[in-house]
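In: got a predicted structure here, sequence first:
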Amino acid sequence: MKWGNLFLIKLCPDKVINESAEVYREWEQVPDARKWSDPAADGWQELYRGCFNQSGIPRPTLADKLMIIAHGSTTHVGVESSALETPGGQGFDAHELVDWLVRWGITEVGLISFKCCYVGAGHFLEDFVRHSAQKLRVGWVKGYKGVASTIKRDWIDTKFIGGVVGKPYESIGREGGVLAGVGLPLYGNDRFKIVPGNAAVDKLNSRYLLAQFRETGD
């Protein structure tokens, strides 16, 4: 399974967010025209009203994927620091984020993957889909259930965590319990929540299949 084009958006980036975003950008080889930031940071294009409507600027379609990279909570993204209940700084709630995506000129996207802590632990994703009705066509939304960190695998990491050198490695922490106490992260589907959007988008040989999702849930 492969989405078409990948778009990246950073919200209120600090050092941690900038470094995480660069890991994804480098691995996926995302060109300048598809990487955006609010506010401008590290040479990324600055988001502004109608920016995706400008001539020569690619716009996401239902075949494409958008990563939103930011600090998060169960209710907001783009906060000053991630927290399960009380994040620093207000950021964007689900309604505000939908409205701003539309103002920036995005009208549809196949998958929005929130690279933000805790976004999948509450009802942010469901609220986002609900508010998208009549505004933004979206196939699927996905978000982490715990605190998240992203690193680039180097030659020594592959000995312990496997994978390919240079590929992003995402670790999602647990909240409470014995396993959290000994530092074991979440694994597999326990790491994130997936919610179907308001546009019917199926990706063969993937978890993004509506019929399968209705049968098994998340």
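Out: That came in fine, so what should we check first? Numbers count the residues shown, from 1 in each chain.

In: which element follows the helix or strand that contains Ser20 toward the C-terminus?
Out: Take DSSP states H and E as the rule and Ser20 turns out to sit in helix 15-28. Sequence order places strand 35-38 as the next helix or strand after helix 15-28, per DSSP H and E.

In: mind checking how far that next one is from the chain centre?
Out: Per C-alpha atoms, centre = their mean, to the nearest Å, the displacement of strand 35-38 from the mean C-alpha position of its chain is 13 Å.

In: on contacts alone, who are the packing partners of that strand?
Out: Other helices and strands packing on strand 35-38, by 3 or more C-beta pairs under 8 Å, 6 or more residues apart in numbering; DSSP states H and E, are strand 6-11, strand 45-46. C-beta coordinates here come from the backbone N, C-alpha and C atoms, glycine included.

In: in the helix holding Ser20, what counts as buried?
Out: Ile17, Ser20, Ala21, Glu22, Val23, Tyr24, Arg25, Glu28 (16 or more other C-beta atoms under 10 Å).

In: could you dump the residues you listed to TSV with distance to Gly120?
Out: Converted to TSV, those look like this (distance: C-beta to C-beta, whole Å):
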residue	distance to Gly120
Ile17	18
Ser20	17
Ala21	19
Glu22	23
Val23	20
Tyr24	18
Arg25	23
Glu28	21
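
In: closest to Thr75 among the residues you listed?
Out: For the buried residues of helix 15-28, the residue nearest Thr75 by C-beta to C-beta is Ile17; the value is 18.3 Å.

In: Gly56 versus the closest one, what's the distance?
Out: In this view, Ile17 and Gly56 are 27 Å apart by C-beta to C-beta, to the nearest Å.

In: now Leu62
Out: In terms of C-beta to C-beta, Leu62 sits 21 Å off from Gly56.

In: neighbour count: those two, which is higher?
Out: Leu62 (17 against 5; other C-beta atoms under 10 Å).

In: pull the number of nearby residues for the residue lying closest to the more buried one once chain neighbours are set aside.
Out: With sequence-adjacent residues excluded and distances taken as C-beta to C-beta, 6 or more residues apart in numbering, Leu62 is closest to Gly110, at 4.7 Å. Gly110 has 24 neighbours, counted by other C-beta under 10 Å.

In: check Ser206 too.
Out: Ser206: 13 neighbours (other C-beta under 10 Å).

In: which residues of the chain fall in strands?
Out: 6-11, 35-38, 45-46, 65-69, 76-77, 92-93, 108-115, 137-144, 148-152, 168-172, 192-196 (DSSP state E).
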